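Novice: 3D, please:
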Amino acid sequence: MTKRSWCAAALALVLASSAGVTTASAAVATTPDAASHSSTAKPQRDRPDLNGLRIKAVDGPAIYLVLDGRRHWIPNPGTYDNLFRDWNGVVSVLDIGNITEGSALSDGAFLGKSPDRPEVYLFSNGVKRWITSPAAMDKYYFAWNRIQNLPYEAVNFIPNGPSIS
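Specialist: Numbers count the residues shown, from 1 in each chain. Alright, predicted model coming up:
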């Protein structure tokens, strides 16, 4: 694949993820549990102390990543598998509705880097988020063996989001 086609593919990914478009190869999505979307207002607050945890409601199937103190829905098993080592360590939480809900991760979110650079990024929602260290990779249980190599130009083209540490 040429650099031009890689850049075009990266652009398509950015546009699709920022518009909320799903990919045909994605697994069937499981909707977030009703507890996180009930009409009764629950006091929500950011929980940065939980950053890096993968959580779910005790009685619901939806899994979230706590990032920036907020729970971000992981839309399907394919996206989960793109990011994490395995399915071990998902924590059931009784008061999941009390944790501020952030935007869902993009369908197909992935880890990527340029082959000639050490920086690893989480690509989701039209931005790349630098994972600042190996300790941060481990804290979030991100999978080292699932990092995709992208051309430098494609990585450079995608806007930066907040760093993950």
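Novice: all contacts plus neighbour counts: C-alpha atoms, from now on.
Specialist: OK.
Novice: what about the chain, any weak spots by pLDDT?
Specialist: 1-41 (pLDDT under 70).
Novice: let's see it at 80
Specialist: Counting by pLDDT under 80, the chain contains low-confidence ranges at 1-42.
Novice: That one: strands as residue ranges?
Specialist: 54-57, 63-67, 70-73, 91-93, 110-113, 120-124, 127-131, 148-149 (DSSP state E).
Novice: Run me through the strand neighbours of the fourth one, direction for each.
Specialist: Under the criterion DSSP bridges, strand 91-93 sits next to strand 54-57 (parallel) in its sheet.
Novice: how about CSV for the strands of the chain, with mean neighbour count and distance to Thr79 added?
Specialist: Below are those laid out as CSV (neighbours: other C-alpha atoms under 10 Å; distance: least, C-alpha to C-alpha, whole Å):
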stretch, mean neighbour count, distance to Thr79
strand 54-57, 22, 13
strand 63-67, 24, 11
strand 70-73, 24, 10
strand 91-93, 14, 18
strand 110-113, 23, 7
strand 120-124, 23, 10
strand 127-131, 22, 15
strand 148-149, 15, 14
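Novice: wait, what's in contact with the residue nearest to the spatial centre of the chain?
Specialist: Closest to where the C-alpha atoms of the chain average out (C-alpha atoms, centre = their mean) is Leu105, at 4.4 Å. Taking C-alpha atoms under 8 Å, 6 or more residues apart in numbering, we find Leu105 in contact with His72, Trp73, Ile74, Pro75, Ser124, Asn125.
Novice: Count the neighbours of the fourth one for me.
Specialist: Residues lying near Pro75 (other C-alpha atoms under 10 Å) number 25.
Novice: Then Leu94?
Specialist: Residues contacting Leu94 under the criterion other C-alpha under 10 Å number 12.
Novice: hang on, isn't it packed against Val58?
Specialist: Yes. The criterion here is C-alpha atoms under 8 Å, and Leu94 meets it with Val58 at 5.9 Å.
Novice: end-to-end on stretch 46-63?
Specialist: 17 Å (C-alpha to C-alpha, to the nearest Å).
Novice: got the contact list for Phe142?
Specialist: By C-alpha under 8 Å, 6+ apart, the residues touching Phe142 are Leu83, Phe84, Arg85.
Novice: repeat for Ile63
Specialist: Ile63 makes contacts with Pro32, Arg54, Ile55, Lys56, Ala57, Trp73, Ile74, Val90, as judged by C-alpha under 8 Å, 6+ apart.
Novice: I'd like to know how far it sits from Glu119.
Specialist: 27 Å.
Novice: Having no further points to raise, I will conclude here.
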